[in-house]
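# Provided below for reference: sequence and predicted model.
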Amino acid sequence: MKTIWLVIKHDVAFVLRQRSFWIMTLLMPALLLGSNAYIAAQDNAPALTTPTPADQPAPPHIGLVDHANLIALVPDDLPPHLFLPFADKTNAQAALDQGDISQYVVIPADFASGGEIVIYDRGFQLLSGGDNGSVAFNGRYDWALTYLITANLTNDTQLAAVVQNPTPRATTQFHRLQPPAPADESNNLGMAIIVARVMPYLFYFLLIMGGSYMMRSVVAEKENRTVEILLLSLEPTQLMIGKIIAMSVIVAIQLVVWVGGGMLILDRAATVMQLTSFAFPPGFFVWAILFLLLGYLLFAAIMSAVGALATNAREGGQAIWILVIPLMPTLMFGQLFAEEPNHPLVIALSLFPFSSPSAMVTRLAVGAVPAWQLVVSLLALVGTTWLFIVLAGRFFKSGNLLSDTSFSWRRLASGWRG
């Protein structure tokens, strides 16, 4: 135990003296977590002001060239001066070129017998259509031209309104099949989305950085031949245990810093969104520590095996992507965890051992998880972690630690098979 304690003390002190450790611990996670919380707050924050009629854009001016002499009545409920009459197309085009009107409409003389109305728009684009003030192309006033022509054909504005909209909203009964969530539930959903976006980043860095510290520690001692001295006084298995415990201490320090910073970010996000402070479900921290501890042991076991086979940090870095890939879906679909916690993809990620440390904790942070899923996920993670620790022991041997043979996937695969 004394030799293991010396390994723990040396490795912890070595990492804590590195400036890069404190930069990554304090700066990088704060930037990433803060940016994601800010984006989520912006996406879910209520509007600060309610638009008033004065804030609405003024109605456009639309030119009207009526060769059919059809328009004799302008309904009072149309915006004033929406349609401006022109004697011919030449005058309307000149007004369009000068910017006095945004569009003009030409009603042909044979309109009643099948002639087509033509609308000219100065800024029309084929893919995007007209602007928001258009009387066509799904613009804000696309109803106005139809209403104007219908009112003149029927000579009755009320009949024109009925023809235009046979089932007006005032005479229909609206039945909501799914009532809206109460204000408190909406607030909780907004904060849950923030937590679901932040939590995967927190666990991503804790697991990846903890595993990479383990790998770099082993590789560094191989490069400077310190491992040759260490193996004179302790067994390789004792060295591996000491390093895993030492890196566990490092991860615990990062956890305290990041959880504290994460709570501050959540409180700030709640203030920006004008919501109540977010509260984690009961028992969350117990489950989170269990999944984090087992997840770290799993990743550290893999990286200790890689470090035993690699001759330098560059070679060992090739294996980092093995750990990154299972954690990426949780980062990509964080909002899905809050909106649909029982989605098949969410459940699958929370049960798969390599992604469950991040995915299951994210689910726990935003809502209740069925007990059977918690038990199955935890047992699968325990079994996988134990298996990989046993496998890592096969690589953590004097032959590999003292070897100058370059890292290769073939050596890794053959070691696991053997």
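Here it is on my side, so go on.
# can we go C-alpha only for contacts and neighbour counts from here?
OK.
# So Q238 versus I250, what's the distance?
19 Å (Cα to Cα, to the nearest Å).
# make that V286, sorry
V286 sits 19 Å away from I250, taking Cα to Cα as the criterion.
# Next: P80.
From P80 to I250 the distance is 71 Å (Cα to Cα).
# Repeat that for R122.
Distance from R122 to I250, by Cα to Cα: 65 Å.
# out of these two, which sits in the busier spot?
Each of R122 and I250 has its neighbours counted (other Cα atoms under 10 Å); I250 has more, 21 against 14.
# Quick check: the more buried one touching V12?
Yes: the pair I250 / V12 is scored as a contact, 6.6 Å apart, by Cα atoms under 8 Å.
# Need the CA coordinates for the helix or strand in which L345 is found. PDB is fine.
For L345, the host element (DSSP states H and E) is helix 344-351. Below are the C-alpha coordinates for helix 344-351, written out as PDB (Å, rounded to 0.1, in the frame of the first residue of the first chain):
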ATOM      1  CA  PRO A 344     -36.000   4.900 -28.600                       C
ATOM      2  CA  LEU A 345     -32.700   6.500 -29.400                       C
ATOM      3  CA  VAL A 346     -32.500   8.100 -26.000                       C
ATOM      4  CA  ILE A 347     -33.300   4.800 -24.300                       C
ATOM      5  CA  ALA A 348     -30.700   3.000 -26.400                       C
ATOM      6  CA  LEU A 349     -28.000   5.500 -25.600                       C
ATOM      7  CA  SER A 350     -28.800   5.300 -21.900                       C
ATOM      8  CA  LEU A 351     -28.500   1.500 -21.800                       C
END
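# Show me what the mean pLDDT comes to for the helix or strand following that helix.
Next along the chain after helix 344-351, taking DSSP H and E as the criterion, comes helix 356-366. Confidence over helix 356-366 (mean pLDDT, whole number) is 84.
# neighbours around T3, how many?
T3: 15 neighbours (other Cα under 10 Å).
# contacting residues for it?
233-234 (Cα atoms under 8 Å, 6 or more residues apart in numbering).
# ok, 7 Å please
L234 (Cα atoms under 7 Å, 6 or more residues apart in numbering).
# Tell me which helix or strand it sits in.
Going by DSSP H and E, T3 is in helix 2-16.
# average pLDDT for the helix or strand following that helix?
Using DSSP H and E, the helix or strand that follows helix 2-16 towards the C-terminus is helix 19-26. For helix 19-26, mean pLDDT is 77.
# tell me which residues in the helix holding L345 are buried?
Across helix 344-351, burial judged by 16 or more other Cα atoms under 10 Å covers 346-351.
# Spell out the residue ranges of the helices in the stretch 251-400 of the chain.
284-309, 313-317, 320-332, 334-339, 344-351, 356-366, 371-395, 398-401 (DSSP state H, counting those that start in this stretch).
# could you dump those to JSON lines with distance to G211?
Below are the helices of the stretch 251-400 of the chain laid out as JSON lines (distance: least, Cα to Cα, whole Å):
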{"stretch": "helix 284-309", "distance to G211": "5"}
{"stretch": "helix 313-317", "distance to G211": "11"}
{"stretch": "helix 320-332", "distance to G211": "9"}
{"stretch": "helix 334-339", "distance to G211": "23"}
{"stretch": "helix 344-351", "distance to G211": "20"}
{"stretch": "helix 356-366", "distance to G211": "14"}
{"stretch": "helix 371-395", "distance to G211": "13"}
{"stretch": "helix 398-401", "distance to G211": "18"}
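# most tightly surrounded among those helices?
Mean neighbour count, computed with mean count of other Cα atoms under 10 Å, is highest for helix 356-366 among the helices of the stretch 251-400 of the chain, reaching a mean of 28.
# Tabulate the CA atom coordinates of that helix in PDB.
This file holds the C-alpha atoms of helix 356-366, laid out as PDB (Å, rounded to 0.1, in the frame of the first residue of the first chain):
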ATOM      1  CA  SER A 356     -24.700   5.400 -20.600                       C
ATOM      2  CA  PRO A 357     -22.400   7.400 -18.200                       C
ATOM      3  CA  SER A 358     -23.300  10.500 -20.200                       C
ATOM      4  CA  ALA A 359     -26.800   9.600 -21.600                       C
ATOM      5  CA  MET A 360     -28.300   8.200 -18.400                       C
ATOM      6  CA  VAL A 361     -27.200  11.000 -16.200                       C
ATOM      7  CA  THR A 362     -28.600  13.500 -18.700                       C
ATOM      8  CA  ARG A 363     -31.900  11.700 -18.600                       C
ATOM      9  CA  LEU A 364     -31.900  11.700 -14.800                       C
ATOM     10  CA  ALA A 365     -31.200  15.400 -14.700                       C
ATOM     11  CA  VAL A 366     -34.200  16.300 -16.800                       C
END
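# got the angle between that helix and helix 284-309?
Following axes from the mean of the first three to the mean of the last three Cα atoms, to 10 degrees, one obtains 160 degrees for the angle between helix 356-366 and helix 284-309.
# name the helices or strands packed onto helix 356-366?
With contacts taken as 3 or more Cα pairs under 7 Å, 6 or more residues apart in numbering; DSSP states H and E, helix 356-366 sits against helix 183-223, helix 284-309, helix 344-351.
# quick one: contacts of it?
Contact partners of helix 356-366, identified using Cα under 7 Å, 6+ apart, comprise 192, 195-196, 199-200, 203, 280-281, 284, 288, 291-292, 295, 327, 330, 337-338, 341, 349-350, 369, 377.
# One more: stretch 86-101?
Identification of contacts with stretch 86-101 by Cα under 7 Å, 6+ apart yields 61-65, 102-104, 122.
# mind putting those residues in CSV, secondary structure and pLDDT included?
Formatted as CSV, the contacts of stretch 86-101 follow (DSSP: H, G, I helix; E, B strand; the rest coil; pLDDT from 0 to 100):
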residue, secondary structure, pLDDT
H61, coil, 86
I62, strand, 89
G63, strand, 90
L64, strand, 91
V65, strand, 92
S102, coil, 85
Q103, strand, 89
Y104, strand, 90
R122, coil, 76
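# quick one, domains of the protein?
Per automatic domain parsing, the structural domains of the chain span 2-45+183-417, 57-171.
# of all the ones you listed, which gets the most neighbours per residue?
When you average the neighbours per residue for each of the domains of the chain (mean count of other Cα under 10 Å), domain 2-45+183-417 leads with a mean of 19.
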